[in-house]
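Visitor: make a model of this:
(one chain, ligands or ions: 1)
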Amino acid sequence: MYDTKQQWFKDAKYGLFIHWGLYSVLAGEYQGKRTDRIAEWIMNHLNIPVEEYEKLAKQFNPVDFDADAIVKKAKSWGMKYIVFTAKHHEGFAMWDSRCSDYNVVKATPYGRDIVKQLREACDKYDMKLGFYYSQAQDWHDPDGYMYTKDNSQKNYRAYLERICFPQLRELLTGYGEVALIWFDTPMGTTAEESREMVELVKSIQPNCIVSGRIGNGLGEYMTTGDNFIPRLPFEGDWEVPATLNDTWGYNKYDNNWKSPDEIIHLLVKINSRGGNYLLNIGPKATGEVPQESIQILDTVGEYVNSNEEAIFGTKRVGIYAYELDWGMLTRKDYRIYVHVFKPRIRIELLNIGNKIKRAYLVPDGRELKFETGITCEGCSMIEVEIPDDYHDRKNYSVCLETEEAEPVFEPIVS
Ligand code: H79
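Guide: Below is the predicted model of the structure:
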């Protein structure tokens, strides 16, 4: 079973992913050609030569970047951690790396360390900060791998020693307490090499979590496929990395935004099955966060904040016999939370055998009337009355305090 041994990660449930790099300058289009794939892969997908792609650095001048504002927003959205792309597959470092001048301080007119600014803002708002680091793919370095291309002439060992290990060391020694390293695409990394990376991380910061994609089964938590949700409750620590539209890096042509309701349902579904939801924003090259992302997350944030006790610190719910067409369940010890996504006059739950001590409306703590009994078919039944002023509302939760620590789910009878 995956165990990070970090209580903050188990309780977090909701985090912010930030994908930002030189690909943001292209915003999904290069020399009139659009990519219909994830925008941070544009160099690979449209076969842009290294000497052309690296010129993008000269156009990277994000005068509208405001680390403080972004972290403050993440805090207001109810998120508990931030993961920032310190270096994505393109190979460009978003901090003042000493290993390579291909970085935001030395290669751009902007000349300021992004990681440092995020660190300072996260300290100010008491936000956990972790770094995405592409450990094998580096499309800029002659010895870094590139998926879908011929890597037979690459000297990966040389790359590890020249770039990967020393850059990890920089991130772990120069930027305070690192919550986690979000490794991605281990392609070609041997078990021994993955182990070396883990040991390097732990030797510098023992509490820094290593993500699932370190490869070779060495991750401390399970990372699902991008935007994939386990069908069933999954034991241990895990996380779903996910997008608000269909790209991670900014793509000016991608308007396929999920609605706030969809995001709320996804968050609760993931939490209900025991996982964390790491939800992405892709700032523009100017540093501006797309307005659409902000609007969606503001709305989701209202739900998260007014129902936070039904989200943070919740535990995996076992298999309840039914899927509800109006809601979902989360839980803590002695508490079952019923998330209500559609207007209801009362909520009815069958085949839950707990003794209910009390029911209350999570957003304002109001005591709710409830009845328990047995249906004509012989099933346990709980009915909770929703107050008049909530009859037309959607998106709130109800807490059922139970005599037993865990939900008592009964099989369907008749
Ligand atoms: O950082 C984000 C992605 O860039 C990264 N993981 C998330 C968190 C990621 N790495 N690999 N992949 C996602 C999947 C790669 C898919 C591919 Fe393709 C299919 C690579 C080649 C074929 C799509 C099409 C991208 C380029 C061409």
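Visitor: spell out which residues of the stretch 151-300 of the chain are next to the ligand.
Guide: D184, T185, D226, P241, W248 (Cβ under 6 Å from any ligand atom). Using the backbone N, CA and C atoms, a C-beta is placed for each residue, glycine as well.
Visitor: once you drop chain neighbours, what's closest to the last one?
Guide: Put plainly, it is W248. Leaving aside its sequence neighbours, W248 sits nearest to H19 (Cβ to Cβ, 6 or more residues apart in numbering; 3.9 Å).
Visitor: assess the claim that that neighbour and N251 are in contact.
Guide: No - with contact defined as Cβ atoms under 8 Å, H19 does not reach N251; the gap is 10.6 Å.
Visitor: mind checking the SS state of the residue lying closest to L244 once chain neighbours are set aside?
Guide: Once flanking residues are discounted, L244 sits nearest to S293: 5.5 Å by Cβ to Cβ, 6+ apart. Judged by DSSP: H, G, I helix; E, B strand; the rest coil, the three-state class of S293 is helix.
Visitor: so how many other residues sit close to S293?
Guide: Counted by other Cβ atoms under 10 Å, the residues lying close to S293 total 19.
Visitor: check what pLDDT it gets.
Guide: pLDDT, S293: 98.
Visitor: contact partners for it?
Guide: L244, W257, I281, G282 (Cβ atoms under 8 Å, 6 or more residues apart in numbering).
Visitor: likewise I42?
Guide: Y23, L26, G28, Y30, T35, I48, G249.
Visitor: in PyMOL, how would I select just the buried ones from these?
Guide: To isolate the buried ones among the contacts of I42 in PyMOL, judged by 16 or more other Cβ atoms under 10 Å, type:
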select buried, resi 23+26+28+30+35+48+249
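Visitor: and the contacts of I42, which of them are in strands?
Guide: With strands taken from DSSP state E, the overlap with the contacts of I42 comprises Y30.
Visitor: hmm, back to that, name only those of the residues of the stretch 151-300 of the chain next to the ligand that count as buried.
Guide: D184, P241, W248.
Visitor: tell me which stretches of the chain form helices.
Guide: Ranges of helices within the chain are 7-12, 23-26, 42-45, 50-53, 67-76, 104-107, 114-124, 156-159, 165-174, 191-204, 260-272, 291-306, based on DSSP state H.
Visitor: can I get the third one in CSV, CA atoms only?
Guide: Provided in CSV are the C-alpha atoms of helix 42-45 (Å, rounded to 0.1, in the frame of the first residue of the first chain):
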residue,chain,number,x,y,z
ILE,A,42,4.4,21.4,-29.1
MET,A,43,8.2,21.1,-29.5
ASN,A,44,7.9,17.3,-29.9
HIS,A,45,4.6,17.2,-31.7
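Visitor: in strands, which of the contacts of S293 fall?
Guide: If you go by DSSP E, the contacts of S293 have I281 in strands.
Visitor: of the contacts of S293, closest to the ligand?
Guide: The closest of the contacts of S293 to the ligand turns out to be G282 (Cβ to the nearest ligand atom; 10.0 Å).
Visitor: any idea how far P109 is from that closest one?
Guide: To P109, G282 is 21 Å away according to Cβ to Cβ, to the nearest Å.
Visitor: who has more neighbours out of these two?
Guide: Neighbour totals were compared for G282 and P109, and G282 leads with 29 against 10 (other Cβ under 10 Å).
Visitor: now that one: how far from V25?
Guide: On the measure of Cβ to Cβ, G282 and V25 end up 12 Å apart.
Visitor: contacts for stretch 163-182?
Guide: For stretch 163-182, contacts defined as Cβ under 8 Å, 6+ apart pick out 8-9, 81, 83, 86-87, 93, 95, 97-100, 115-116, 119, 123, 128-133, 135-136, 138, 141, 144, 196-197, 200-201, 204-205, 207-211, 213.
Visitor: among the residues you listed, name the buried ones.
Guide: Buried by 16+ other Cβ under 10 Å: 9, 81, 83, 86-87, 93, 95, 97, 99-100, 115-116, 119, 128-133, 135-136, 138, 141, 144, 197, 200-201, 205, 208-211, 213, out of the contacts of stretch 163-182.
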